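Q: need a structure here:
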Amino acid sequence: MQEHLKLYEDKMEKSLDVLLDEYASIRAGRANPHVLDRLRIDYYGTPTPIQQVGNVTVPEARMIVIQPWEKSLLKEIEKAILVSDLGINPTNDGNVIRLVFPELTEERRKDLAKDVKKKGEGAKVAIRNIRRDAMDSIKKMEKAGDISEDDLKQGEEKIQKITDKMIEKVDKAIETKTKEIMTV
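A: Residues are numbered from 1 along each chain as shown. Model prediction:
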């Protein structure tokens, strides 16, 4: 029963990790190299993350510099950034690509905050679905006679406690990211 509950707790943790990864790629006015995490370029026929084909540095608060190890990749990287949803025009000087992040407008900050909340709600729904699956699973175990009615009640309480803890972590993540975005 304990390992059974651990399985569902791990699934909930994964939902939280996915949310935190999504939050890392949302820019909040400051340049963050994680905004490039989802971008891939064609490197000898293989989709490859930009961080694996050059140096990505943040020399200033609102600038990212990408220095590819091969100059032939400059155009590929530039193209990947232009077609992405970053909304930033790269500057290519023949050696490096510079991404200058403009200050976020108040309206854009509010849109990002709404997006953060929406993603957080999605994570909560995923966690609640996992709770439902866990509850169904232990009810089936009880019906099959594998566990007693007391074990069922205990299991349900433990699942609810785990769910509450995860929802609390999601709420904290939403609050932290929203505060980061709204800070000018």
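Q: for residue 53, see how far away the closest residue to residue 163 other than its chain neighbours is.
A: Leaving aside its chain neighbours, residue 163 sits nearest to residue 131 (4.4 Å; criterion: Cβ to Cβ, 6 or more residues apart in numbering). All C-beta atoms are positioned from the backbone trio N, CA, C, and that covers glycine. Here residue 131 is placed at a distance of 42 Å from residue 53 (Cβ to Cβ, to the nearest Å).
Q: so those two - more neighbours on which side?
A: More crowded of residue 131 and residue 53, by other Cβ atoms under 10 Å: residue 131, with 21 against 17.
Q: on that earlier part again, my guess is the residue nearest to residue 163 contacts residue 156. True?
A: No: assessed by Cβ atoms under 8 Å, residue 131 is found out of contact with residue 156, at 9.7 Å.
Q: list residues touching both of the two?
A: By Cβ atoms under 8 Å, 6 or more residues apart in numbering, residue 131 and residue 156 have no common neighbours.
Q: buried sites along the helix or strand containing residue 66?
A: Taking DSSP states H and E as the definition, residue 66 sits inside strand 63-68. Neighbour-count burial for strand 63-68, counted by 16 or more other Cβ atoms under 10 Å, picks out 64, 65, 66, 68.
Q: over to stretch 50-57?
A: Neighbour counts over stretch 50-57 (16+ other Cβ under 10 Å) mark 50, 53, 54, 56 as buried.
Q: how about TSV for the residues you listed, with distance to residue 7 and secondary structure added?
A: Below are these laid out as TSV (distance: Cβ to Cβ, whole Å; DSSP: H, G, I helix; E, B strand; the rest coil):
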residue	distance to residue 7	secondary structure
50	35	helix
53	38	coil
54	40	strand
56	37	strand
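Q: need the max-distance pair from the residues you listed.
A: The widest separation within those, taken as Cβ to Cβ, falls between 53 and 56 and amounts to 9.7 Å.
Q: if we can go back for a sec, quick one: mean pLDDT for the strand holding residue 66?
A: Mean pLDDT, taken over the full extent of strand 63-68, equals 90.
Q: change the start of the numbering to 23 and stick with it
A: From this message on, residue numbering opens at 23, which makes the last subject strand 85-90.
Q: just checking, what packs against it?
A: The helices and strands touching strand 85-90, judged by 3 or more Cβ pairs under 8 Å, 6 or more residues apart in numbering; DSSP states H and E, are strand 76-82, helix 96-105, strand 119-122.
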